[in-house]
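Engineer: let me see the structure of the following:
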Amino acid sequence: MQRLVLFGRSPRAGRVKTRLVPSLGVAGTLALYRAFLLDQLRLLHGFRSTCTLELCLDGKLAPDAELASALGQARLTVQGPGDLGQRMLRCFRRAARAGSRATVIVGADAPTLPVSIVASAFARLATGCPAVLAPAADGGYVLLGLARPEPALFREVPWGGPEVARITAERARAAGVALERLAPWYDVDDSSGLVRLRDELAKPSGRERAPATARALDRLDAAARPVV
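Structural biologist: You can find the predicted model right below:
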């Protein structure tokens, strides 16, 4: 059995993507993050024939008909206490106890993450690679996949900083865990990520991958235009 997990925050005003608030406002940032979740849930369901699916949030999901519908077959879980590493490790351990032999976690803030990178993660794990990581442009990572829980990868990592991927690789080497780097991608945390997202969504392929995100940005852009 394999498991694909979407890891993110419960969509609450003022609690998500706060570095985007100066550009989009609190309500606009929340609307965009909800769109991220919708597009990443769509990504998950593309793997429903080969994986069990899970949406793991930092808190309860507030009643929301659209998101509840988008969950589909995905199980909704809560991350629990601790830093990011402790919460991810808990998620990997839960999947292993349920019988998963290959678990991949993707972040909610990479709404255009290519399906090919996720497929590659499972393919590498299936060939015996114990760990895979897709680095992010900001020094973190947008995907982590493990054949089994590896606590060493989550110890004393400066979460949220620019050295997360590098230090995770160091932890893996020190523990004797062969960690394979996949193709890099980017997440949308700040204005530079937003610029790259806009550029990508200007292309048909980008809008096809992340239609909810494209619609949300279209609405935000339309609302920001001056009335002539």
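
Engineer: from residue 138, how far out is the residue nearest to the spatial centre of the chain?
Structural biologist: Centre of the chain computed as the mean C-alpha position; nearest residue by C-alpha atoms, centre = their mean is residue 107, 1.0 Å away. Taking C-beta to C-beta, to the nearest Å as the measure, residue 107 falls 11 Å from residue 138. For every residue, glycine as well, the C-beta is placed using N, CA and C.

Engineer: low-scoring pLDDT stretches of the protein, where are they?
Structural biologist: 62-63, 226-228 (pLDDT under 70).

Engineer: run through the helices of it in chain order.
Structural biologist: With DSSP state H as the criterion, the chain has helices at 21-45, 65-71, 84-97, 115-126, 164-175, 191-201, 204-209, 211-224.

Engineer: packed most tightly, which of these would that be?
Structural biologist: Highest mean neighbour count of the helices of the chain: helix 21-45, a mean of 20 (counted as mean count of other C-beta atoms under 10 Å).

Engineer: rewinding a little: any chance of the helices of the chain in TSV, plus distance to residue 133?
Structural biologist: TSV is the format used below for the helices of the chain (distance: least, C-beta to C-beta, whole Å):
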stretch	distance to residue 133
helix 21-45	18
helix 65-71	27
helix 84-97	12
helix 115-126	9
helix 164-175	6
helix 191-201	19
helix 204-209	21
helix 211-224	24
